[in-house]
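Visitor: Below is the structure, and that's it, no one-letter string:
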């Protein structure tokens, strides 16, 4: 029982790391045969046996000092911050040096448990002292955290972007904002598959929203193939996150009356060549956004429904499954599938495309995709760190490395 | 109090009818001044003071025998049937001669209360006798009802169309199916604004679904203006009706994996010249469908956002309201507005378009509309009866007459 | 068609009134035979043929001037105010002399349409003038309205009670608050079946909340029979009203952490002899509250499950139906049944008790009841007016009169 | 980064196990200082630093052969089966020897990935062969699995209990059913804290439902203190599980019209001395049940609100948190807290009690608790295995061991 448990269902790659640390070993001795499922439907890219190799290589490099560990600060340890922290922490080329909270509230417990040093969002001595009074060890104010960091990932709520940016610039470090901030403020935006190269060594950037990230994942490969692309999209958005009990509606559909909406065109901040407009509605669900997409391909695109699926299958962070065969016919089953995968919070970093919901009719491509609004941008933040730091110029290599390290935690 | 009540908030036109019946009267004496609101936002077409005149005219005609009363049977007294029955019953040129139920269940009470003769859906003597045992007066089986009818409106659930059609044909009467049946079965479909003329004196027809009816209401006027029209639509559909507690999902979005969906192209059964495709999702709400529409107008269309709104404002059964000004920003508030209107069941026969959710960008028109799935087809059934019977060849006259009689009940 | 329509499905009693007004008539000539349903399941108290008689009697009295019309002002024309206004307006012993709005917003249209004079909630000249600028006729400020009224029904939101009370007292008129205000502020509370007598000729009162009203309807008859009663109740509350798209939760249960909750004990403001405590949760639905009730009867109560049902059947404003027989097994079907009844907004003034959800085990009575939170207090407000004005000392007579007049609008 | 990651956020005890296997080590070298949070609100029982020690001790025993590994079969690898499998697999005194699926469907992938041998629910050769055709290795039919097992945990859906029991008895092994089966069929029921001793060495048992398990967790300690207990409970139940998109209602409350309901009295199958009745409703949420409980304590109970909380705090698998202080005020935030804990599927094995939702008034105790319907029975199944096998007679020792092994996976 002990052996099969260790090899199969939990943290296979963690074992790799541990053994690496205490003894010498070759990968051959560790990769168990028979772990790779012979399934039909499940995308092998998600639970791949090759992940270990990538990781081992990097781990080895790290051991011999060839890779310098990037010091990452998280400003704002909430829904996004807590996820980015874990995704960063499991990479071998970066580490979390601290996370901020505005005050000694309940959320601090998670940071403490995870072993991330707590800092105060403010430099005010009284505010910092409040943490100790509440029984939390606070390592200082934001300035002290920034002073020790190479890059800060801003996961603060609301629109504090401009203020924060000046602090980050004053500290002389790289900065990454999230999609809630405007492109106009950051001047640069990021999606791994769209513009990693343009972001190399930049001062700072903005990881675009969950919706824009999701659109990029499927549209950029299409654009790259076709050379031009015109898109109309309706975003059917979850009205509140699962942990939010305040927001409604309970029984209504709420159209975004700004028409067309800002969501689609935001893709153009990372891939200006794609023409795109969108309409958006909010609906009474908490678990995923769904995109209803109509893409017009140029004459002579040479694609078929099947080859579009192949194109996406070869693209990172896209999961394609057949609704009729798997019984995954709504976002409820998609999220249940994600829970089965075993990531913390039941996250799904990948965009979910229904194989039987894709159809190319002439030059018009119709498809649905589902977006886990809490987590699809998480691995992009890791890649964006490498882009800004200039440590990995090939986006595909960064993506593979990011995803392998995350997968290793839950394999 | 008594007078103001009778004149203002309830059934002003019912009073017209009643007085008409027991005494002589001129309309001038009855139409109260000051009832017409001087509001800004509320579409005057809904609560118009001119409704009474139309009705009076018809009532007068009826009194003198110039209009023959059409005898209407309702086969299936459920969600649609109960509504069509009331809409027919308040018209002065038609009457309900009976409604069918499969068995003496709870729903019979409503028919009894409304005064509609009850018939059994079947001709079987035992089934018919069961009604009497349960305390309901059953006037016979379906054949007996059909024998006395000029036209039957089939509101039976499921796909019993082909079977029923042969019964109706055998009885030698006109027949109307609902949108749940296929166009291939009926060979003819109907929407008041799209093809009333083509339906004149036809043997039978199909009143298209709530979604198709809704699309016709806004697209046909556009097509008539432009001469051509290409449309992509995403239908965000309520997953269950308000009185249905069985169906889910409770917390999910369900895409219709048939892509493109059948919903949009169904418009072409009433207006083949409109090119249209659609995608559809179901969401956890019970009260309305929302359409997210992208229409491509031909070059030289000559329209602006404003003139599109004017076009629709001049079209029957379309309500246009400004979300920001009225606070009607979701389907919840739309339905509350409908409840305020006071129709039975809080119905909204009109398509609801958000004024601030319409935008024409070059040749591309973006807009949202909301559809009350239980009731928008109700007045179309009344018009379809007149088309089949050949008693009114002008669709606009029929629509005005239908709507005036319905409005009169609730003014 | 015309005749059957007038007699059967619409406003039979309105017809009574109208004919009464323009001609002489006996009730025999008007009450159509065959209209009374011979149904099994439907409570005859709701659609009774005797309603007309009661109404006729009062109408006759009114005609001859024996009843003085009470002048009623509505301060706050919202969810409750608009309903109370209609319920008052159809009574023959009272009239609406005006309703207030804080500003010329969308909701004014309904008042205009209904023919209720509009007043401004404030006496400020600028605020009053704003109505005219927006195209609404405003008849003045609150003071002017109060000056003309005999009684004001306060339906204003929030907790403006104390301020408003002093205004009403200064105007020297009677006042009625709603359940959102505290008993401590009003010093008197009201439910028709609990303490009409105590409220006779009082200066003012508070019509208790929808929940408290609902509890009184079933508990007071039980108490009256038993002489003592001890109750534990869990209120499963709808989290938002149907027209409210702001409030959540979308997917959660929210316990009221004040334990025990204030809801149950509020019954003691109208019937102090009943011992009652409660717990409350909010759930993601918009349409009804459900009460889960455990009542302990005293030794020797002499009741059975059946006799408890008979007791309630004989009590006004309680509907008892069998879920298994009618298919009404959730609040969705209860509300659909209410829509079928045809009242404006699909209201259900009655408390709904599932016959098969009542069980007396020894001295412990278990039952469920459902409460239409928007409307069950509406007829109580009418009765409360009569109590304060001292025009009807018998609560059962007032209730019968109130309900008959309301029913007459929709029969 | 590598070190801090390994020690802090992932699988600290897995590391224990791994190192144990490949080298010698003392616990002192491994238990990191500073990991234990100094939090106020978070119950230390959940993330305890002492967990490692317990585990180490058992692991050591296992190494030296003192504990025989119990061979566990899972019949039915669905919502409950997949969770029980993981909980069993991480225990050092038991192992999963196989799990069954009815056919080679999507769910098989998870079993393959986890490394659990797949068996067919049936012995039919064709059905078994179907797995291979679909690319899954099937190790045989149910009989073959049972032949190799010491105990089978029946997690099959529906009511196949009697049939299955005879198969298990024929195989001569111990069996455990879930709460969906009736006590009358199994003749024995189980909850860790209620009747572990009575289940020692029994032939088979039934782990009671999530609701009954939850009630036992808080009521049994109360009973044990007081010596008698009388309880009325309203269960506000989630209408469907998160991965279920079929079931409604979307917008309704559904009372269970069997009154009183079967839920509460089921507690008496494990603790007959507790007098309990219940009422139940289903509401449109997917994530948790909530119990609204009124317990009558005997005279002289000697408890206070505070001492009740202390009693529960000392009881296993009960989490007590203050809603006002933590912001955890609905089941949405409870589940978010569980996701933060990091268990697979975001499970919460513990019963959640709101500290500020508990109040003792005289002899009446009011409180709310929330139940994660998918997972609270999972650790009970592990304890039940030990009871039936007779390997651990002290329920508290079993519970500590079970929970430590599970916690170790996610620490």
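Guide: Nice, I can see it. For clarity, every value in this text was computed on a predicted model and none was experimentally measured.

Visitor: I figured residue A:358 hits residue A:305, correct?
Guide: Yes. When contacts are counted by C-beta atoms under 8 Å, residue A:358 is listed as touching residue A:305 (5.9 Å). Where C-beta positions appear, they are placed from N, C-alpha and C, glycine not excepted.

Visitor: So these two - more neighbours on which side?
Guide: Each of residue A:358 and residue A:305 has its neighbours counted (other C-beta atoms under 10 Å in any protein chain shown); residue A:358 has more, 22 against 16.

Visitor: What distance do you get for the residue nearest to residue A:173 when sequence neighbours are not counted to residue D:196?
Guide: Distances taken as C-beta to C-beta, 6 or more residues apart in numbering or on different chains place residue A:149 nearest to residue A:173, at 5.3 Å, with adjacent residues excluded. For residue A:149, the distance to residue D:196 (C-beta to C-beta, to the nearest Å) stands at 52 Å.

Visitor: does residue A:214 belong to a helix or a strand, and which?
Guide: Counting by DSSP states H and E, the element that carries residue A:214 is helix A:210-226.

Visitor: What ranges does the stretch 101-250 of chain A have for its strands?
Guide: Along the stretch 101-250 of chain A, counting by DSSP state E, counting those that start in this stretch, strands occupy A:118-120, A:151-154, A:174-177, A:189-190, A:204-207, A:230-238.

Visitor: Nearest to chain C among these would be which one?
Guide: Closest of the strands of the stretch 101-250 of chain A to chain C is strand A:230-238, at 8.3 Å (criterion: C-beta to the nearest C-beta).

Visitor: which strands and helices sit next to the closest one?
Guide: On a contact count with 3 or more C-beta pairs under 8 Å, 6 or more residues apart in numbering or on different chains; DSSP states H and E, strand A:230-238 meets helix A:210-226, strand A:275-283, strand A:289-296, strand B:230-238, strand B:275-283.

Visitor: Swap in 10 Å and give it another go.
Guide: helix A:210-226, strand A:275-283, strand A:289-296, strand A:364-371, strand B:230-238, strand B:275-283, strand B:289-296, strand B:364-371 (3 or more C-beta pairs under 10 Å, 6 or more residues apart in numbering or on different chains; DSSP states H and E).

Visitor: Give me the nearest residue to residue A:236, chain neighbours excluded.
Guide: residue A:290 (4.5 Å).

Visitor: The one you found contacts residue A:282, correct?
Guide: No. The pair residue A:290 / residue A:282 is not scored as a contact, 11.8 Å apart, by C-beta atoms under 10 Å.

Visitor: about what we covered before: will you turn the helices and strands packed on strand A:230-238 into CSV that also has distance to residue C:138, mean pLDDT and mean neighbour count?
Guide: Listed next are the helices and strands packed on strand A:230-238 as CSV, based on distance: least, C-beta to C-beta, whole Å; pLDDT from 0 to 100; neighbours: other C-beta atoms under 10 Å in any protein chain shown:
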stretch, distance to residue C:138, mean pLDDT, mean neighbour count
helix A:210-226, 46, 98, 24
strand A:275-283, 36, 98, 24
strand A:289-296, 46, 98, 25
strand A:364-371, 50, 98, 24
strand B:230-238, 39, 98, 24
strand B:275-283, 41, 98, 24
strand B:289-296, 36, 98, 26
strand B:364-371, 32, 98, 24
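
Visitor: CSV for the ones you listed, including distance to residue C:116?
Guide: Shown next, in CSV, are these (distance: least, C-beta to C-beta, whole Å):
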stretch, distance to residue C:116
helix A:210-226, 46
strand A:275-283, 35
strand A:289-296, 44
strand A:364-371, 49
strand B:230-238, 33
strand B:275-283, 37
strand B:289-296, 33
strand B:364-371, 28
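
Visitor: nearest to residue C:182, of these?
Guide: Closest to residue C:182 of those, according to C-beta to C-beta: strand A:275-283, at 36.1 Å.

Visitor: one step back: count residues in the vicinity of the residue nearest to residue A:173, would you?
Guide: Residue A:149, neighbours per other C-beta under 10 Å, totals 23.

Visitor: Could I get the contacting residues of residue A:379?
Guide: Contacts for residue A:379 were tallied using C-beta atoms under 10 Å, 6 or more residues apart in numbering or on different chains; they are A:83-84, A:87, A:192, A:207, A:213, A:316-317, A:349-350, A:398-399, A:402-403, A:405-406.

Visitor: Please identify which pair of those residues lies farthest apart.
Guide: Greatest spatial distance among the contacts of residue A:379 (C-beta to C-beta): A:213 and A:405, at 19.0 Å.

Visitor: give me the low-pLDDT residue ranges for the stretch 151-300 of chain A?
Guide: Within the stretch 151-300 of chain A, the stretches with pLDDT under 70 are A:158.

Visitor: Show me whatever sits in contact with both of residue A:290 and residue A:282.
Guide: Common contacts of residue A:290 and residue A:282 (C-beta under 10 Å, 6+ apart): A:235-238, B:283.

Visitor: Closest one to residue A:128 out of those, please.
Guide: Of all the shared contacts of residue A:290 and residue A:282, residue A:128 sits closest to residue A:238, with 36.4 Å by C-beta to C-beta.

Visitor: who does the closest one bridge with?
Guide: Here residue A:238 sits in beta bridges with residue A:283, going by DSSP bridges.

Visitor: So residue A:330 sits against residue D:244, correct?
Guide: Yes. Contact criterion C-beta under 10 Å: residue A:330 and residue D:244 qualify, at 9.5 Å.

Visitor: any common contacting residues for these two?
Guide: A:336, B:248-249, B:251-252.

Visitor: Which ones among those residues also lie next to chain D?
Guide: Residues of those in contact with chain D (C-beta under 10 Å from any C-beta of the partner chain): A:336, B:248-249, B:251-252.

Visitor: Which residue ranges of the stretch 301-411 of chain A form strands?
Guide: Under DSSP E, counting those that start in this stretch, the stretch 301-411 of chain A gives strands at A:318-321, A:351-361, A:364-371.

Visitor: nearest to residue D:164, of those strands?
Guide: strand A:318-321 (32.0 Å).

Visitor: now for the closest one, which elements pack on it?
Guide: So strand A:318-321, by 3+ C-beta pairs under 10 Å, 6+ apart, packs with helix A:210-226, helix A:305-313, helix A:331-341, strand A:351-361, strand A:364-371.

Visitor: Tell me who's in contact with residue A:362.
Guide: Contacts for residue A:362 were tallied using C-beta under 10 Å, 6+ apart; they are A:296-297, A:299, A:301.

Visitor: Let's see if you can find the most crowded of these.
Guide: residue A:297 (22 neighbours).

Visitor: Residue A:313 versus that residue, what's the distance?
Guide: From residue A:297 to residue A:313 the distance is 18 Å (C-beta to C-beta).
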